[in-house]
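> Here's a sequence, model it:
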Amino acid sequence: MRVLPAALLALLFSVCSSWGQEIPPPFGFRWSDTSSRVERVLKGAKAKTVAREKNGGEEIWTVEGLIHPGLKRTLFTFKDGALTQIELQYEYPDWTLEHYNNRMGEIRRYFDGKYGTGRLISRSRDNDTDVIQTLVGYQWVVGKAALELFYFSAQKEPNVYRNITVTYKAI
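Prediction:
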């Protein structure tokens, strides 16, 4: 009987303590990791950097080959050589709209449970052109970090493009 209240308190403490901290970047990285450290880890994971672009004071790497179901590519952003953002782009070519909706719901519930209720930051559907575009996005902010979850689709029959993007940001 005493175990149940202790377990509930431990669960409550772990959820509440995550709200007081920052959202960490994925893959065991830390905010402000150097680009050389990130590059060593990516090489160790046998991932391939397919592009490096400079945009103002930022450098953005496009990386493929990180093993995670549906992960098509990952974008790493550095400012002054320090990690500031990781964007995970998921694509499931054989999935229906229903599969994407279910997956978005699962991911959103997971982040809600971990970081509190996410804020809806985008919900739009553009039917004004022959390409129908849909965008739905949520955001969580904890400390000096943010997490964004987006679903995007563009379709012009018979072609359909859909993806789910999860972006971790130091703010």
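> any chance you could map the helices in this protein?
When assigned using DSSP state H, the helices of the chain occupy the ranges 3-19, 35-44, 97-115.
> Comparing these by mean pLDDT, which bottoms out?
Note on the helices of the chain: helix 3-19 shows the lowest mean pLDDT, a mean of 36.
> Poorly predicted segments of the protein, please.
Scanning the chain with the threshold set as pLDDT under 70 gives 1-20.
> Not counting sequence-adjacent ones, nearest residue to Phe76?
Nearest non-adjacent residue to Phe76, counting by Cβ to Cβ, 6 or more residues apart in numbering: Trp61, 4.5 Å away. Glycine gets a C-beta too; all of them are placed from N, C-alpha and C.
> who's in contact with the one you found?
By Cβ atoms under 8 Å, 6 or more residues apart in numbering, the contact set of Trp61 is Val38, Thr49, Ala51, Arg52, Leu75, Phe76, Thr77, Phe78.
> Highest neighbour count among those?
Counting by other Cβ atoms under 10 Å, Phe76 has the largest number of neighbours within those, with 24 neighbours.
> Tell me the bridge partners for that residue.
Following DSSP bridges, Phe76 is listed with bridge partners Trp61, Ile86.
> Val136: neighbouring residues, count only.
Neighbourhood size, Val136 [other Cβ under 10 Å]: 19.
> Of the contacts of Trp61, which pair is most distant in space?
Val38 and Ala51 (14.9 Å; Cβ to Cβ).
> any idea how far Tyr92 is from the residue nearest to Phe76?
23 Å (Cβ to Cβ, to the nearest Å).
> Need phi/psi at the residue nearest to Gln21 when sequence neighbours are not counted.
Using Cβ to Cβ, 6+ apart and skipping the chain neighbours, the partner closest in space to Gln21 is Gly143 (6.0 Å). Gly143 has phi and psi values of phi 60, psi -130 when expressed as degrees, to the nearest 10.
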